[in-house]
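Novice: Provided below are the primary sequence and the corresponding predicted coordinates.
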Amino acid sequence: MRSHPHSPPAAHDADAASRDDDAPYLAPGRPSKTRRKQASHDLQDLGEALMELPATKLAKLDLPENLREAIDELRRVRSHEGRRRHLQYIGKLMRQVDPEPLREAVAAQRLPSAKETLALHEAERWRLRLVEDDNALTVWLREHPETDAQALRSLIRAARKDRSDALAATHAGTEPRKSRAWRELFQLVKAGLAGDAAAAPDDEDDSGDPTDD
């Protein structure tokens with residue numbers, strides 16, 4: 001059988017090199033198709049996350065104008081298919097930028113939210129503990145001596161009564177009323193955990209209470 005000399009796939013190599021040139025911030029060399037697909041999805045996710053940044057923070061990032069405009073346009077795309085295609089376009093544009101500073105900007109934006117969420121959960125745990133466990137008051141006052149002990153005791157008693165009334169109303173098939181003491185106890189605990197001894201519970205503001213719908 002006559003053998004044919006093997007010639008290198010020059011056109012294929014040129015195409016691969018072209019793709020590498022088009023994506024200078026992807027992993028060097030020739031990543032597999034799976035890795036390229038994953039990298040593309042990661043860039044699309046990052047582009048979508050950039051859309052969540054406040055305009056002032058987005059303006060400070062070093063982005064090509066076409067990418068900046070594409071991110072702004074994404075906010076106006078409503079259809080699922082249109083959004084999918086636009087994210088693919090953003091992912092392609094993002095191959096031309098260094099993604100690390102962008103990831104850092106997104107992480108910095110999300111970090112305060114994560115900390116705030118943890119703080120709210122911690123306040124909720126303490127509220128339940130104070131209402132359900134008599135010994136919790138002693139522990140709290142030892143850890144937070146600046147707390148107004150009399151006000152805290154009063155709120156705990158009122159919250160326990162309101163909770164009992166709410167359970168009775170639920171069992172009776174009626175709508176339980178919102179508990180002012182329950183909300184104020186949460187605010188006092190949250191302020192104490194934040195180290196803000198001067199912050200008093202706000203009668204009207206129950207913002208941040210994860211159990212208040």
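Specialist: The structure has been received and is ready for your questions.
Novice: For this structure, which residues score under the pLDDT cut-off?
Specialist: 1-31, 112, 169-178, 196-213 (pLDDT under 70).
Novice: Show me the strands in this protein, by range?
Specialist: With strands called from DSSP state E, the chain shows none.
Novice: so where do the helices sit in it?
Specialist: With DSSP state H, the ranges of helices along the chain come out as 10-22, 33-51, 55-60, 65-74, 80-93, 99-132, 134-143, 149-171, 180-193.
Novice: Pull out the buried positions in stretch 145-156.
Specialist: Under the neighbour-count criterion of 16 or more other Cβ atoms under 10 Å, stretch 145-156 has 147, 152, 155-156 buried. (Glycine included, C-beta is placed from N, CA and C.)
Novice: Kindly check the end-to-end length of stretch 57-65 for me.
Specialist: 15 Å (Cα to Cα, to the nearest Å).
Novice: how about that stretch: buried residues?
Specialist: By 16+ other Cβ under 10 Å, the buried positions in stretch 57-65 come out as 58, 61, 63.
Novice: and what of stretch 74-92?
Specialist: 74, 86-87, 89-92.
Novice: roughly how far out does that stretch sit from the chain middle?
Specialist: In terms of Cα atoms, centre = their mean, to the nearest Å, the gap separating the centre of stretch 74-92 from the centre of its chain is 21 Å.
Novice: list the contacts for the residue nearest to the spatial centre of the chain?
Specialist: Geometric centre of the chain, nearest residue: Arg110, 5.1 Å, by Cα atoms, centre = their mean. Under the criterion of Cβ atoms under 8 Å, 6 or more residues apart in numbering, Arg110 has no neighbours.
Novice: separation between it and Arg127?
Specialist: Arg110 is 26 Å from Arg127, where distance means Cβ to Cβ, to the nearest Å.
Novice: got the phi/psi numbers for Asp133?
Specialist: The phi/psi pair for Asp133 (degrees, to the nearest 10) reads phi -130, psi 120.
Novice: what separates it from Trp126, distance-wise?
Specialist: 10 Å.
Novice: okay, the two: which has more neighbours?
Specialist: Trp126 (22 against 11; other Cβ atoms under 10 Å).
Novice: show me the contacts for the closest residue in space to the more buried one that isn't next to it in sequence.
Specialist: Nearest residue to Trp126, sequence neighbours excluded (Cβ to Cβ, 6 or more residues apart in numbering): Val189, at 4.7 Å. Neighbour list for Val189: 123, 126-127, 130, 140 [criterion: Cβ under 8 Å, 6+ apart].
Novice: how near is Asp134 to Gln187?
Specialist: For Asp134, the distance to Gln187 equals 22 Å [Cβ to Cβ].
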